Structures are given as C-alpha cells and as structure tokens.
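Trainee: Sequence and predicted structure are below.
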Amino acid sequence: AVRLLFSIAAERDYEVALIDVDTAFLNAAPNETVYVTLPQGYSKPGQCALLRKSLYGTANAPKSWNTLLHNWLVTHGFKPNPHECLYTGNHNGCTIHLLVHVDDVAIFSNKSNVSWFKSTLKADFSCKDETMERYLGFDVTRTDDGFLFSQARLIKQLGARTNRCRGNTPNKITPIRNKPKLEKPLLSPGDRAELKNYPYRSNLGVTGYAVVGTRPDGAFAYKTLASFNDCHQQPHRTALDDFISYLNLTADALPLKLSKSGGDSLSAYCDADWNGTECHRSTTGWIVFHGNNPISWASRTQKCTARSTGEAEYIALSSLSQEALYLKMLLESLEGKPGHVQILSNTGTRENPGCVSIWSDSMNALQNSKKEWVSDKLRHIKTAYHFFKQYVKWGDLRLGHVAGPENCADIFTKGYGEGNSGQSNQKAGEYLKHALTCLGHKGCEASCPCQAIRKSMGSSQETDQKKSVKGNKAFREAAAAASIRTTWLVGLPDLEDRW
C-alpha cells in the first residue's frame, strides 16, 4: 500500500507530507475499566488508581487511539479503505489520501489540501510537522521524476556489524549463486550448540526487512537462506555473508525507484523453478508493477509438489493472480470505484485502470489457464489453484507470453552464476538487467544512482558477449541445417539477432 500510494503520488505529481500526533495514546479514553497501583511515595495500603486516559504500555491503548482517530476522520468526511489503513477524502474537488501508521499520518494530495488537513488536525490534536526524508525506516528522496526509496543506512550498519563492508570483501555482483547448492545437514548435539555462536537469524532478519521494503533483487537469496535458520553451518553462513556483501556494495547505487512513467496500468511477471529445492518442491516468483514502478513481489516455495514444469508454472500463475486481483481492487478503491472485481477494458487509462496484465514464459500454463475445463494432467491439483480461471474468462486478468530471457521474474526463482565462489559469473549481466527492471530503473537519466552499476558491469557484459559469439554461430548453423522455423511470439525486435 505504501509503494502504491507513492507511485500514484509520483504519477499525479502530488504533494506528500507527514504529520505526527504528540502523545497520541493519551488523547483516547480507555474502553474498559483499568486500575493501576500508585508509584512509590504515593501509594497507600488498600488504594489504587483508576485510569482516565490510555497510558503507553496498556494493552488497549493502541486500539483506543485508533478508534478515536478513525471516528475523527470519518466525522470530517474521510472514507476508510477496506483493504489497508487508508482513508480517502475530497476537498475543493481534489482527492486526499491518508496513510495512517499508529500516530504518523502521511498525506497525499495537492499543496493547498495538505495545508488544509494539517490545520484541521492541529485544531483538535497537538501535532508537529515532519519531513518526508525518512518514513517507516526508509530513506525517501523526492526527485523531478518521482521518488527514490533506500535502506542504505540499515544495510551499512549490518555490513559494519558483520565486517562485510566495502573494502573487506570481494566484489559480489549477485546475491547468491546456484552452485554448489545448499543442503540441510544432519546436526549432532555439538553442532546445535555451535549454532548460538553465530547470529544467523539476527543478520538474516535485517536482510529480510530490506528485501520486503526496497530490495526485490534479493528475494530469492533471502528465501533460500531462511530455510536454514535451525541447521546452518559454515557454507550457509558464508552464503549469508556474501548476500550481505552484495546488499552493502549496492546499497547506494540500487535504490527502489518510483517514477512518473508507465501510467496507471497494472502488469505482472511470474516464473517458476521446477523441483529446485531439497524437498522436491518448486519455487514461485512474481512481481507486480504499477506502470513501471514495482509495488509487490514474492519468492516462495510452493506448498505442493508439482509433477512437471507446466504444473509448477500453473501454480505460480495462481499465486500471482491472488495478489494481482487484490491490488486491482485496492487501486479501484483509491480511485473511488467499487472495491470488488468487475469487468473492465484493457486500455489502462487514469479513468479506467483496466485489467491486470500477467506475463509468463510458460505456454503450457497459459493454455491451461484459458481452458474452461480441467485438463486430465491437472485434475490432481487442489481446486484452490484453479480459481483464477474465471477471472481470465471475465477479462479481469489478461495473460500473455514473454520470452524467457526477457522475463524479469526469473531472478525470484533461481540464483545466478555457475561454479565455486572463485570462478567468474557468466550470468551477472543478465541478472543485472532483470534487477534494474525489478527496482524500477527504466530509461534512467545520467544523474540516476544506478548509472554507477551500469558502468561497472559494462566491461563484464562485453566479455560475456564475446565468449558467446561462437555458441551463437553454432546455434544458427544447427537451426539452418534442421530447417527450424523460428517464430518469436513476444520479445524485442532484435531478439533473433541476439541469439
């Protein structure tokens, strides 16, 4: 919800302000009778105090304050959003969006409406204005093109704590490598006692907050490393240290970018890696964009075992459809439309966001999702995974095929790079292309922080292209000999030349 609102603010060129209510909990009366003992020096035998205001630390204080603020906003004409802690109102013909987090209220509207809301709130509560330079642990920078979200401060603190800061480690250009694969070992009692000597869970938790907030490029690495919380050994700790090194080295150069480009349409990419885990379950990965701005992503292990790649891709499509439909309803509710799924056009304009476009590189999954009946090969899949077919039929979801090399969701399902840690990474350039897309860096100007990464990777990409010339020539000769007709359904115009 936070990223979606900031994406709308960037596209609409809204003013974004933050206001904080002083001692917010003390403004609300407790909703039940609460007695407390008096402090030392005031207490008397057989006496206690009856609370007339909610104190910080009492169980019902947050709920009482939230109820008070909710009633105040409703009284002043704001409508609560059924999906998140959002409120929407209208003043002087312009929409006002409010995002409430405990006692902090973020305001999204034009400049005059922001000033009006601040003065109205200050008339009833003691408040102070705050700058939108830091919000919910994110460093927020307003640019001419939109917003930049970064957690460089948190990441650098973690790098200093683990001694993986710049200059102390080799240059890590990918979060995690796919070989050698990490496995769960059988631990002896002595090994389990050793687990406490390394703060694996603590360090991984910090990286998890960064991944959830502003670093979708590290989602697969976090998902993989999180499965060894209770059985980690030296290979897992080394992989975690390398992941921290990658985040630290790219903390300043790869912020999350929310720009004006792309419009109001929702689009999504999904991918699956079949049988890629030790428990023989597949990995689902997807990302949802509002225009060109990433607003939601995930990398997770599927809950059932897929018998083929097509089944794994089909389950991934179902998982993404749940999130896409929710975001579609959230966007409709923010624009004053009914908060339910309805048949919309496919244009994707401001007045009509249209259906959600979902791109997958699996033709098998796409064909099965468009069938009104259940294929014989998919009858054993749980009914819950078939729910999205009705939305495809109604037109709320529009499915399309994208070539594998152009599917940016690929980085959510597998690691990049072959061999041991000392060998060169042949796929670093491909990973960087997808990572920049997933971070919202499309058509960036020369002043964008990502240019430093692009320049540093330029030489390695040229080397990889030279090494692949011989393989490309062999592919062309083999295709010509076999009289293979190459037809590219979706992709760049020069995709065949690149092959």
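Mentor: Structure's in. What do you need?
Trainee: where along the stretch 151-300 of the chain do the helices fall?
Mentor: 152-161, 189-194, 200-213, 219-226, 234-249 (DSSP state H, counting those that start in this stretch).
Trainee: how about those, which one is nearest S308?
Mentor: helix 219-226 (21.5 Å; C-beta to C-beta). Just so you know, the C-beta spots here come from the backbone N, C-alpha and C atoms, and that holds for glycine as well.
Trainee: for that closest one, packing partners?
Mentor: For helix 219-226, the packing partners by 3 or more C-beta pairs under 8 Å, 6 or more residues apart in numbering; DSSP states H and E come out as helix 200-213, helix 234-249, strand 283-290, strand 293-301.
Trainee: any idea which of the ones you listed is most buried?
Mentor: Of all the helices and strands packed on helix 219-226, strand 283-290 carries the top mean neighbour count, a mean of 26, counting by mean count of other C-beta atoms under 10 Å.
Trainee: give me the low-pLDDT residue ranges for the stretch 151-300 of the chain?
Mentor: Applying pLDDT under 70 to the stretch 151-300 of the chain flags residues 165-172, 178-180.
Trainee: Pipe the helices of the stretch 151-300 of the chain into a markdown table and attach distance to S126 per row.
Mentor: Converted to a markdown table, these look like this (distance: least, C-beta to C-beta, whole Å):
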| stretch | distance to S126 |
| --- | --- |
| helix 152-161 | 29 |
| helix 189-194 | 52 |
| helix 200-213 | 30 |
| helix 219-226 | 41 |
| helix 234-249 | 39 |
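Trainee: Determine which of the ones you listed approaches F289 most closely.
Mentor: helix 219-226 (15.0 Å).
Trainee: follow-up on the earlier one: closest to G57 out of the helices of the stretch 151-300 of the chain?
Mentor: The closest of those to G57 is helix 200-213. By C-beta to C-beta, the value is 24.6 Å.
Trainee: give me the beta-bridge partners of L50?
Mentor: Beta-bridge partners for L50, by DSSP bridges, are Y35.
Trainee: Surely it touches T33?
Mentor: Yes: L50 is within contact range of T33, at 7.2 Å (criterion: C-beta atoms under 8 Å).
Trainee: hang on, the earlier thing: who wins for proximity to I19 among the helices of the stretch 151-300 of the chain?
Mentor: If we rank the helices of the stretch 151-300 of the chain by C-beta to C-beta, the stretch that ends up nearest is helix 200-213, at 22.0 Å.
Trainee: Can you tell me which of the helices of the stretch 151-300 of the chain is nearest to V102?
Mentor: helix 200-213 (17.4 Å).
Trainee: Output the closest one as CSV, restricted to C-alpha atoms.
Mentor: Provided in CSV are the C-alpha atoms of helix 200-213 (Å, rounded to 0.1, in the frame of the first residue of the first chain):
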residue,chain,number,x,y,z
TYR,A,200,22.4,-16.2,11.8
ARG,A,201,18.8,-15.4,12.5
SER,A,202,19.5,-11.8,13.6
ASN,A,203,21.5,-11.0,10.5
LEU,A,204,19.1,-12.7,8.2
GLY,A,205,16.2,-10.8,9.8
VAL,A,206,17.8,-7.5,8.8
THR,A,207,18.2,-8.6,5.2
GLY,A,208,14.6,-9.8,5.2
TYR,A,209,13.4,-6.3,6.2
ALA,A,210,15.4,-4.8,3.4
VAL,A,211,14.1,-7.4,0.9
VAL,A,212,10.4,-6.7,1.9
GLY,A,213,10.9,-3.0,1.7
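Trainee: related to what we said a few turns ago, could you dump the helices and strands packed on helix 219-226 into JSON lines with distance to L187 added?
Mentor: Converted to JSON lines, those look like this (distance: least, C-beta to C-beta, whole Å):
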{"stretch": "helix 200-213", "distance to L187": "13"}
{"stretch": "helix 234-249", "distance to L187": "12"}
{"stretch": "strand 283-290", "distance to L187": "25"}
{"stretch": "strand 293-301", "distance to L187": "21"}
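Trainee: Which one, of those, ends up nearest to C408?
Mentor: Closest among these, using C-beta to C-beta: strand 283-290, at 6.7 Å.
Trainee: what about stretch 214-223, start to end distance?
Mentor: The first and last residues of stretch 214-223 sit 16 Å apart, counting by C-alpha to C-alpha, to the nearest Å.
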